[in-house]
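# Pasted the sequence and its predicted model underneath.
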Protein chains: 2
Amino acid sequence: MFEVGLIRVLSTEDNEILNSHGRIIEQNFSNMEVESLAIKDQPKGIYDDNTEEIAKAKIIDLAKNKFSNKDVIIVSCAGDPALEELRNVMSIPIIGAGESAALLSKIYGNKVGIVGITRNLPKSYVKYIGKDVIGEPFIPNINNTTDLMKSYGLDKVLAHCENLKNKGAEVLVFACTGLSTTRFAPIIEKEIGLPVVDCVYAEAVFANAVCLRNSFYNIK
Amino acid sequence: MFEVGLIRVLSTEDNEILNSHGRIIEQNFSNMEVESLAIKDQPKGIYDDNTEEIAKAKIIDLAKNKFSNKDVIIVSCAGDPALEELRNVMSIPIIGAGESAALLSKIYGNKVGIVGITRNLPKSYVKYIGKDVIGEPFIPNINNTTDLMKSYGLDKVLAHCENLKNKGAEVLVFACTGLSTTRFAPIIEKEIGLPVVDCVYAEAVFANAVCLRNSFYNIK
């Protein structure tokens, strides 16, 4: 069993919400056991440069103080906050949701449509998809993850995805983990007919890959 | 159990050699069953543009006629011959060794050292690693995969890897599946102290990822 430390960047006291990403990972990979912890005092998560900077220090603190004995640590946010910094200070493999999703999307197609909620493309998507991004990266009229759960959430997501497909997208990739917890990926895939790469699924794939490799090579 | 069709681009009558990649995949992923087939009449594999063109038609033929019922097809060659072409003509997910290794390498570091046997960098490495390639991509004094198995093979590989590390490589990635069959990755990792991404391991990770996703979403 691989021991996974998962960091949520949205502060929450609700265990159901806290563990929602971990449950998706455990459902996909029966050899992974996920412990989730959230950073404190950021109930709205990360929404600008300032809140990202504040969050980074908390993420590094959590990783170093709570997860130093894990086989792998996941920063479960499409913005990959503190990903580089953690890799510089810890020897445990560190996986980011955004980087994983951006990389995994490339095996499904060259032209990539982004399904997210921020006007600025998260950095890993710029780095790995760059000029192959099709259309806008955000869902019109969806301002935050809470909007996704409203009655109109799915319709707005589907309209955005249809638009990206019409513009030439060959694959769709989430740029917000809120879309993972709503489990929209298979619905979009069936309605729109394009492969959909989910951030939490992608981070699970890479976390499992590094654990399996270390285990196979007998590296710890 | 996921059914994998694996295409070798080196013609062989020797079942041990034919199945060597499949065995590595099955050892890492107990949920995958690999059937391997090799293209005919190319005992030296692919070594220039002409042999690649000839091989491409044979790869497409094998995939369409022998593996159309598989859950995933792997083209087990770092040059990714016919990868794009197969994706255009088949609806089954198609995975390439080179693309998988290049993508997986990026989670281990920015600056990437290439461990291969050809002077030209295979296309997926150009596409995904590009300007972050450190040093030369080929092992000096190794001209083909057979040289790797000679008594001096490992020493020359280690010297190349040490050189790449000294030049600033943060991760090493194979650009030849011959290095997978010799199982050099864990030896290099221990001797040199950098993570090593093996092509056959990488193709297994992505093949497993697409199968798991299709299974989880109930897509076939």
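Noted; the coordinates are in hand.
# Within range of chain B, give me the residues from chain A.
A:27-29, A:93, A:95, A:99-100, A:103-104, A:106-107, A:128, A:185-186, A:189, A:201, A:205-206, A:208-210, A:212-213, A:216-219 (C-beta under 8 Å from any C-beta of the partner chain). All C-beta spots, glycine's among them, are computed from the backbone N, C-alpha and C.
# What subset of those is buried?
A:28-29, A:93, A:95, A:99-100, A:103-104, A:106-107, A:128, A:185-186, A:189, A:201, A:205-206, A:208-210, A:212-213, A:217 (16 or more other C-beta atoms under 10 Å in any protein chain shown).
# Based on its surroundings, how many neighbours for the residue nearest to residue A:170 when sequence neighbours are not counted?
Counting by C-beta to C-beta, 6 or more residues apart in numbering or on different chains, the nearest residue to residue A:170 once its immediate chain neighbours are dropped is residue A:109, at 2.8 Å. Per other C-beta atoms under 10 Å in any protein chain shown, the neighbour tally for residue A:109 reads 20.
# Please tell me how far residue A:120 sits from residue B:54.
47 Å (C-beta to C-beta, to the nearest Å).
# mind listing what the residue nearest to residue A:170 touches?
By C-beta atoms under 8 Å, 6 or more residues apart in numbering or on different chains, residue A:109 lies in contact with A:169, A:170, A:171, A:194, A:195.
# quick one: least confident helix or strand in chain A?
Every helix and strand of chain A was ranked by mean pLDDT, DSSP states H and E. The lowest is helix A:145-148, at a mean of 82.
# So which bits of it are buried?
Result for helix A:145-148 [16+ other C-beta under 10 Å]: buried residues A:145, A:147, A:148.
# Between those, which sits nearest residue A:84?
residue A:145 (24.4 Å; C-beta to C-beta).
# Give me the nearest residue to the closest one, chain neighbours excluded.
residue A:178 (3.1 Å).
# what ranges do the strands span in chain A?
A:2-8, A:32-38, A:72-75, A:94-96, A:112-115, A:133-134, A:171-174, A:196-197 (DSSP state E).
# Tell me which of these sits nearest to residue A:65.
Nearest of the strands of chain A to residue A:65, taken as C-beta to C-beta: strand A:32-38 at 9.9 Å.
# on that earlier part again, what's around the residue nearest to residue A:145, how many residues?
23.
# pLDDT value on it, please?
Note on residue A:178: pLDDT of 89.
# which residues sit in contact with it?
Contacts for residue A:178 were tallied using C-beta under 8 Å, 6+ apart; they are A:117, A:144, A:145, A:148.
# What ranges does chain A have for its helices?
Under the criterion DSSP state H, chain A contains helices at A:15-18, A:20-28, A:49-66, A:83-89, A:97-105, A:123-128, A:145-148, A:153-166, A:178-181, A:185-192, A:199-216.
# Kindly reformat the ones you listed as TSV and extend each row with distance to residue B:73.
Listed next are the helices of chain A as TSV, based on distance: least, C-beta to C-beta, whole Å:
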stretch	distance to residue B:73
helix A:15-18	39
helix A:20-28	22
helix A:49-66	38
helix A:83-89	32
helix A:97-105	18
helix A:123-128	24
helix A:145-148	35
helix A:153-166	25
helix A:178-181	28
helix A:185-192	20
helix A:199-216	19
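# what's the closest of these to residue A:136?
helix A:153-166 (8.1 Å).
# Next one: residue A:196 from residue A:183, what distance?
For residue A:196 relative to residue A:183 (C-beta to C-beta), the value is 11 Å.
# nope, residue A:119 is what I was after
25 Å.
# Looking at these two, which is more packed in?
Taking neighbours as other C-beta under 10 Å, residue A:119 and residue A:183 compare with residue A:183 leading, 13 against 8.
# that older thread, compare the helices of chain A and say which comes out lowest on pLDDT.
Least confident of those, judged by mean pLDDT, is helix A:145-148 with a mean of 82.
# Now do it: which elements does it pack against?
Helix A:145-148 makes packing contacts with helix A:153-166, helix A:178-181 when contacts are defined by 3 or more C-beta pairs under 8 Å, 6 or more residues apart in numbering or on different chains; DSSP states H and E.
# Ok, which of those comes nearest residue B:16?
Closest among those, using C-beta to C-beta: helix A:178-181, at 43.0 Å.
# before we move on, the earlier item: which one of the buried residues of helix A:145-148 is nearest to residue A:86?
The closest of these to residue A:86 turns out to be residue A:145 (C-beta to C-beta; 23.3 Å).
# list the contacts for that closest one?
Residue A:145 is in contact with A:45, A:117, A:176, A:178, A:181, counting by C-beta under 8 Å, 6+ apart.
# next one: residue A:125
If you count contacts by C-beta under 8 Å, 6+ apart, then residue A:125 has A:78, A:98, A:101, A:102, A:114, A:133, A:137, A:173, A:175 around it.
# From residue A:143, how far off is it?
In terms of C-beta to C-beta, residue A:125 sits 19 Å off from residue A:143.
# ditto for residue A:14
Taking C-beta to C-beta, one finds residue A:14 at 21 Å from residue A:143.
# which of these two has more neighbours?
Neighbour count, other C-beta under 10 Å: between residue A:14 and residue A:143, residue A:143 has more, with 12 against 9.
# ok, now which ones touch that one?
Neighbouring residues of residue A:143 by C-beta under 8 Å, 6+ apart: residue A:117.
# For it, give its distance to chain B.
From residue A:143 across to chain B, the span is 28 Å (C-beta to the nearest C-beta, to the nearest Å).
# Local confidence estimate at that residue?
Note on residue A:143: pLDDT of 83.
# Now it. Its backbone dihedrals?
phi -100, psi -20 (degrees, to the nearest 10).
# Check residue A:119 too.
phi -70, psi -30.
# Isn't it up against residue A:137?
Yes: Residue A:119 lies in contact with residue A:137 (C-beta atoms under 8 Å); the separation is 7.5 Å.
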